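Chemist: sequence and predicted model, in that order:
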Amino acid sequence: MSLLEVRDVTRRFGGLTAVDGVSFDVHEGSIKAIIGPNGAGKSTLFNVLTGFDRPDEGSVSFQGRELTGERPHKVVLRGVARTFQNTQLFEEMTALENVLVGRHARTRTGFIAAALRLPGTGTEEKLAREEAARLLRLLGLESWTDSPAADMPHGLRRLLEIARALATGPTLMLLDEPAAGLNHAETATLAEALYRIRDAGVTLVVVEHDMGLVMEISDEIVVLDQGRKIAEGPPRLIQKDPEVLRAYLGQEDEDE
Amino acid sequence: MRRGVLKFAPLAIGSLVVACMPLLVDDRYLLKVLSFVAINVVIVTGLALLFGYAGQISLGHAAFYGIGAYASGYATTTLGLPWIVGLIAAILLSALGGVLLALPSLRLKGHYLAMATLGFGEIMRIAFVEAQPITGGPDGLGSIPYPSIGSFEMSAPVGTYLLAWGAAGLTLLLATNIVRQRPGRAMRALHGSELGAMACGIDIVGLKVRVFTVSAVLAGVAGSLYAHLVGFVSPSTFSLHFSVILIAMAVLGGSGSLAGPFVATALLTLLPFADAIIPGLSRDALALIQDWEADVYGLIIILVMLFAPGGVAGMLRRRRRGAGVRP
């Protein structure tokens, strides 16, 4: 059964159709990549899938239930986490605190319970800290535990955002260009982390420009161009698809 | 273990000094001034949660202070109800005001939110003047009784002093518990990145409403304490001027801290009453300070923003970090 079903999703901004009737499925336990040239509508599609934006037409369902129109925090509670193309970390908070905020969705202590330290709040806090520490270890960030996010190098910040997304306890995780700005070694670390996350039972959807990484990790690829899906399939078929080559290398009549 | 004891030593000594102050000094004026410090600590702690943790500005906090003061005053004088009912009325009405002010905050940010809250403060100030049957209009509301429970009256200066500092201590304790746990992290996350906060499952609409309400309630409680301490309230107390002083305390105190705003509140509250703590201060010097009070506050905001954006909290953090590095 497919975990995520995207059906005829269209999103327009004024006269521009950023996403145009896109449909695809994401199967449980797989890694799916969404690729396409700049302006192909990848980020808009991501925002629609995570509740940050609403489609003008079409629908998204997750685990067989409608997801379209849910507010972002509700989408997170349903088990869909995301990262951002421009990392949205809490710069002044430490790495551990950033991941702890990710636990927000799975913890309950409110203002009154916290103020009065009601029974259960201490235990919940302790468990959340243990889980956050475990996730930092999973992504190899334990030595940065008490450093403010602002002090961390770019590559590790991307991993921290992934750790934070994992802390929300997702079934499906959407990563928006996780390898952007990473060097070779960092990209290799990232790929390894993504495998570990998938093996832990989290299904992944990755928007990515780094073709090497996409071809290596993904089970299936969706190719977008000018808002439309132009191809879908396993990496080795996508590599040979004439439509995809044309989208990436430019139209023949534009060539010299 | 020893380090743990040392960490709490300043807090314990501070609390002891505050609690024993009425035994040490027999000066009505000084105790009253120190009570004002405690009342301002209550309201600025609320502002620290709103501004320093959640990153939401309010230039209308004097209005909640006023709502609390009038609610408590009206209930205990005109209606003749017990003090505790006045306090509860102050809490409920300021909470309602907080929810109302939270509504614009859901759509507005930065300067625009500042303008909206400023407008709210002005509307309430005019309402205090115009609603004569309740507030007494420009003449104010007088003969508000001292706080009492049954036949036990907390009269000035000692009773009200202890009540005010009890409220300040309780406020700091509850606020510390909040900022160290889940809601405190959510507030700092909201301040850091709204998108990031949403992606962590934080309902930012609900969170903003809650923070505004908590902050408004603390201001309302402070207003109630003020009304029963002074015994008289009039609209001029709840002007923009007071809101700006409160912001000055929060800014000088620094963001992401409760200790910083506490220190800043004590300093800035004592400034116009310098004669209470410096015995030999000449009348001319005091008059000079009081004439230039507003300018001093404005200057403090500008200087802190330019040279020490972290405020008192930033300085405390630097000292602690420096001390930690030493072998």
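Modeler: Nice, I can see it.

Chemist: residue B:19 reaches residue B:161, doesn't it?
Modeler: No: counting by Cβ atoms under 8 Å, residue B:161 is not a contact partner of residue B:19; they are 9.9 Å apart. Where C-beta positions appear, they are placed from N, C-alpha and C, glycine not excepted.

Chemist: more neighbours: which of those two?
Modeler: residue B:161 (24 against 14; other Cβ atoms under 10 Å in any protein chain shown).

Chemist: so that one sits against residue B:33, correct?
Modeler: No: the pair residue B:161 and residue B:33 does not pass the contact test of Cβ under 8 Å, sitting 9.9 Å apart.

Chemist: pLDDT weak spots in the stretch 201-327 of chain B?
Modeler: Filtered on pLDDT under 70, the stretch 201-327 of chain B yields the residue ranges B:320-327.

Chemist: one more time with 50, if that's ok
Modeler: B:324-327 (pLDDT under 50).

Chemist: in it, what residue is nearest chain A?
Modeler: Across the stretch 201-327 of chain B, no residue is closer to chain A than residue B:201, which sits at 2.9 Å (Cβ to the nearest Cβ).

Chemist: run a quick neighbour tally on that residue.
Modeler: Count around residue B:201 with other Cβ under 10 Å applied: 25.

Chemist: three-state assignment of it?
Modeler: coil (DSSP: H, G, I helix; E, B strand; the rest coil).

Chemist: residue contacts, the closest residue to it other than its chain neighbours?
Modeler: The shortest distance from residue B:201 to any non-neighbouring residue, by Cβ to Cβ, 6 or more residues apart in numbering or on different chains, is to residue A:105 (2.9 Å). Contact analysis of residue A:105 by Cβ atoms under 8 Å, 6 or more residues apart in numbering or on different chains lists A:73, A:76, A:77, A:168, A:169, B:200, B:201.

Chemist: in chain A, what residue comes closest to chain B?
Modeler: residue A:105 (2.9 Å).

Chemist: how near is the spatially closest residue to residue B:240 that is not a sequence neighbour to residue B:269?
Modeler: Spatially, and ignoring its direct neighbours in sequence, residue B:240 is nearest to residue B:121 (5.9 Å; Cβ to Cβ, 6+ apart). Per Cβ to Cβ, to the nearest Å, residue B:121 is found 20 Å from residue B:269.

Chemist: same thing with residue A:147?
Modeler: 37 Å.

Chemist: which of the two has more neighbours?
Modeler: Neighbours were counted for residue A:147 and for residue B:269 using other Cβ under 10 Å; residue B:269 has more, 20 against 15.

Chemist: got the residues of chain B near chain A?
Modeler: B:174-175, B:177-178, B:180-186, B:188-189, B:191-193, B:195-204, B:210, B:214, B:256 (Cβ under 8 Å from any Cβ of the partner chain).

Chemist: can you select the buried ones from those residues in PyMOL?
Modeler: In PyMOL, this line selects whichever of the residues of chain B next to chain A come out buried by 16 or more other Cβ atoms under 10 Å in any protein chain shown:
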select buried, chain B and resi 174+175+177+178+181+182+183+184+185+186+188+189+191+192+193+196+197+198+199+200+201+202+203+204+210+214+256
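
Chemist: before we move on, back to that, quick check, the residue nearest to residue B:201 in a helix?
Modeler: Yes: if the criterion is three-state DSSP, then residue A:105 is within a helix.

Chemist: any idea which helix is longest in chain A?
Modeler: helix A:121-138 (DSSP state H).

Chemist: what helices or strands is that one leaning on?
Modeler: Applying 3 or more Cβ pairs under 8 Å, 6 or more residues apart in numbering or on different chains; DSSP states H and E, we find helix A:121-138 packed against helix A:95-102, helix A:154-167, helix B:182-192.
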